[in-house]
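Colleague: Provide a 3D model corresponding to the input given below.
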Amino acid sequence: MAAFGAPQAAPQAPDYKCPAPMSDGISSLSLSNNNLLVATSFDSSVRCYQVQQQGQQVAANAVAEVKSDGPVLCSDFDGSGSAVYFAGAGDNTAKMWQPGQPTAQTIGRHEKPIKCIQYVQMHNGLVITGGWDNSVKFWDTRQPNPIQSITVAQRVYAMDIRSPLMVVATADVPAHERQQNSPELRYVYTFNLQTFQHSTQPHSMDPSPLKHQTRCIATFPDQTGYAIGSIEGRVAIQHVDASKKDKNFAFKCHRQSGQQLVQGKQTSEVYAVNAIAFHPLGTFATAGSDGVFVSERAQDTAPAAAAADHTPLPARTIACALRAPPRAPGSLLALACRSQPRTSRRHG
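Modeller: Next up, the predicted model:
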């Protein structure tokens, strides 16, 4: 963990490494507004840490853990930080866990693994899940069945919510389902949650602005748009309002110079953008498979990467987990790393 959003003139506090590492890769991180951190893992565990912060100094202790029936892919806290919601690929269920309790309660189910889960403070609290069964479901934890279900074109790969804006990014349309010579479409849906009880129609459904598989998505703090990252080391900034489409742009990131194959031409090692996190003031950070954490400029400043601060994490690959806490000023940022060999794509 590290401080995020502090004035640039202040000295950078050293990163803090949480104790008791997971036995397998970390799949998600969530920070609560009462200084709790939850990490989920492919080893089926959900672990809760108590975070202590004094100025720029950060420390954490593992205080509770629960096991799931299979790999856990996603997590989120409720508004008070007293309950954790998580889901994954074991029995395709969404669960609620109060840290300190020995078991978790099942609150919902999909037909296939659940990739995304998020708590929303509306209608006395809702849990929204996105799954590989091409559906987004809305759950009232007091009821066994979803109060609403939305069908999307393909598997849900990424989702983020800052009420009333919800954005959902899906997988490619499989080759056998495409019409001849049609593009490999990956869709991004935007929804207005203020109308979800009356209509399941999206506000917009557009092809992804990026050419390769979606890895992550994050909404702007002011709910006017989103940032989307792909496996090709690229991030796109998109606005929901059609009148602001001229402000949309994309930029390259998480790339390293490779070998020079011929004179005047050099390859690039291209790494996936695994996570995006926004500071409440509108700046954002990205984390990639190159083991680099990048603190970008404001969301409307193009190209954002031109004035970015790059922080390498030696011998580590950042694994799709990066989130600023929900409370201002957003001074904590949790990063998940793993030490397996890096993988990349080479562009000539």
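Colleague: only C-alpha atoms for contact and neighbour calcs from this point on.
Modeller: OK.
Colleague: got any ranges where this protein has weak pLDDT?
Modeller: Counting by pLDDT under 70, the chain has low-confidence residues at 1-14, 175-184, 258-265, 296-331, 339-348.
Colleague: the strand or helix carrying Ile228 pairs with which strands?
Modeller: Assigned by DSSP states H and E, Ile228 belongs to strand 225-230. Strand 225-230 has these partner strands in its sheet, going by DSSP bridges: strand 214-219 (antiparallel), strand 234-239 (antiparallel).
Colleague: which residues are in contact with it?
Modeller: 167, 210, 212-220, 235-241, 272-276 (C-alpha atoms under 8 Å, 6 or more residues apart in numbering).
Colleague: same thing but at 7 Å, please
Modeller: Contact with strand 225-230 is made by 210, 212-220, 235-240, 272-273, as judged by C-alpha atoms under 7 Å, 6 or more residues apart in numbering.
Colleague: now Tyr85. Nearest residue, chain neighbours left out?
Modeller: Met96 (4.6 Å; C-alpha to C-alpha, 6 or more residues apart in numbering).
Colleague: what sits against the one you found?
Modeller: By C-alpha under 7 Å, 6+ apart, the residues touching Met96 are Ala83, Val84, Tyr85, Phe86, Ala104, Gln105, Thr106, Ile107.
Colleague: Serialize those residues to CSV and add fields for secondary structure and neighbour count.
Modeller: As requested, the contacts of Met96 are arranged in CSV below (DSSP: H, G, I helix; E, B strand; the rest coil; neighbours: other C-alpha atoms under 10 Å):
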residue, secondary structure, neighbour count
Ala83, coil, 16
Val84, strand, 23
Tyr85, strand, 24
Phe86, strand, 29
Ala104, coil, 19
Gln105, strand, 13
Thr106, strand, 16
Ile107, strand, 19
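Colleague: tabulate the residues you listed (a markdown table), appending distance to Phe138.
Modeller: Below are the contacts of Met96 laid out as a markdown table (distance: C-alpha to C-alpha, whole Å):
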| residue | distance to Phe138 |
| --- | --- |
| Ala83 | 17 |
| Val84 | 16 |
| Tyr85 | 13 |
| Phe86 | 14 |
| Ala104 | 19 |
| Gln105 | 17 |
| Thr106 | 14 |
| Ile107 | 11 |
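Colleague: skipping its backbone neighbours, what lies nearest Arg142 in space?
Modeller: With C-alpha to C-alpha, 6+ apart, the residue lying closest to Arg142 is Ile107, at 8.0 Å.
Colleague: residues contacting that neighbour?
Modeller: Neighbour list for Ile107: Ala94, Lys95, Met96, Thr141, Pro144 [criterion: C-alpha under 7 Å, 6+ apart].
Colleague: now do Ala62
Modeller: Cys48, Tyr49, Gln50.
Colleague: name the next helix or strand downstream of the helix or strand harbouring it, please.
Modeller: Secondary structure from DSSP H and E places Ala62 in strand 57-67. Downstream of strand 57-67, the first helix or strand assigned by DSSP H and E is strand 72-77.
Colleague: what lines up beside that next one in the sheet?
Modeller: Partners of strand 72-77 in its sheet, by DSSP bridges: strand 84-88 (antiparallel).
Colleague: show me what the strand it pairs with is in contact with.
Modeller: Taking C-alpha under 7 Å, 6+ apart as the rule, strand 84-88 contacts 71-78, 93-98, 113-115, 117.
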